[in-house]
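Engineer: what shape does this take:
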Amino acid sequence: TFHVGLRAMASLDSLLKLLLDPGSRSASFMMALAADDVQRIHYAQACFLCSQYLPMLLYYSGTSEATLKFPASLSYTTSRGLPLYACLSFWMAGWCCFVRTLWASGDASIQFFSGQMLATALVTAWFNKPGQGKICDLIHMASASAYILDHVVFMELLAMDTAYRSLFYTAFAFTGAALYCTRAIKLSE
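Structural biologist: Numbering: from 1, shown residues only. This is a model prediction of the structure:
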């Protein structure tokens, strides 16, 4: 049991280093990727992009409700009907590819972090139902915010270009502004 405790402490230390300085793992992680790992990451990226944009297109095509709201958050547009199923299908396909690559790295802190991120996203999706109460809305908002912030660690780990990171931060800021502006819409329901 002493050795188990030491391994747990080492894993915790490794996880803290990943969270505080994900760039320190980036070079070794990226160099260890095989060609099929890179291909899986690109496939996951395409799936994740489809999970974002296809539901919006489906929602604004009128596939889930007769009276459309504009502006509407991704959470709102994917809360029911065909947009929900499209979002979850592409998102799960992306995570299946991404997790396979992350877990193949053998790095326990990357494995733990990716599991935590996936669990956070599942909580976000679970607490995203039309007409739910305030507590469920708060859980959804908190877990969605944590999930968005988790992306910062993976941007560092994957050594994403500064332009993509800047775009992510800009989109995050616009999302916050849009959520603030759409609060009146949600309160009127």
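Engineer: mind giving me the packing neighbours of the helix or strand containing Leu138?
Structural biologist: Applying DSSP states H and E as the criterion places Leu138 in helix 134-157. Using 3 or more C-beta pairs under 8 Å, 6 or more residues apart in numbering; DSSP states H and E as the contact test, the elements touching helix 134-157 are helix 2-20, helix 23-31, helix 108-126, helix 162-181. No exception for glycine: its C-beta is placed from N, CA and C like everyone else's.
Engineer: and if we set it to 10 Å?
Structural biologist: Applying 3 or more C-beta pairs under 10 Å, 6 or more residues apart in numbering; DSSP states H and E, we find helix 134-157 packed against helix 2-20, helix 23-31, helix 74-77, helix 81-104, helix 108-126, helix 162-181.
Engineer: poorly predicted segments of this protein, please.
Structural biologist: Scanning the chain with the threshold set as pLDDT under 70 gives 1-25, 182-189.
Engineer: spatially central, which residue of it would that be?
Structural biologist: The residue lying closest to the centre of the chain (C-alpha atoms, centre = their mean) is Tyr147, at 5.0 Å.
Engineer: ok, that residue touching Phe127?
Structural biologist: No. Here Tyr147 lies out of contact with Phe127, judged by C-beta atoms under 10 Å, at a distance of 11.7 Å.
Engineer: tally of neighbours for Ala119?
Structural biologist: As a burial measure, Ala119 scores 12 neighbours (other C-beta atoms under 10 Å).
Engineer: wait, doesn't it sit right on Ser143?
Structural biologist: Yes. Taking contacts as C-beta under 10 Å, Ala119 lies within contact range of Ser143: 9.2 Å.
Engineer: winner for burial among the helices and strands packed on helix 134-157?
Structural biologist: helix 74-77 (a mean of 20; mean count of other C-beta atoms under 10 Å).
Engineer: pull stretch 117-124 out as PDB, backbone CA atoms only.
Structural biologist: Output of stretch 117-124 as PDB, limited to C-alpha atoms (Å, rounded to 0.1, in the frame of the first residue of the first chain):
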ATOM      1  CA  MET A 117     -12.700  16.600 -19.600                       C
ATOM      2  CA  LEU A 118     -14.900  13.900 -21.200                       C
ATOM      3  CA  ALA A 119     -16.800  13.600 -17.900                       C
ATOM      4  CA  THR A 120     -17.200  17.300 -17.600                       C
ATOM      5  CA  ALA A 121     -18.600  17.400 -21.200                       C
ATOM      6  CA  LEU A 122     -21.100  14.600 -20.400                       C
ATOM      7  CA  VAL A 123     -22.400  16.500 -17.400                       C
ATOM      8  CA  THR A 124     -22.700  19.600 -19.600                       C
END
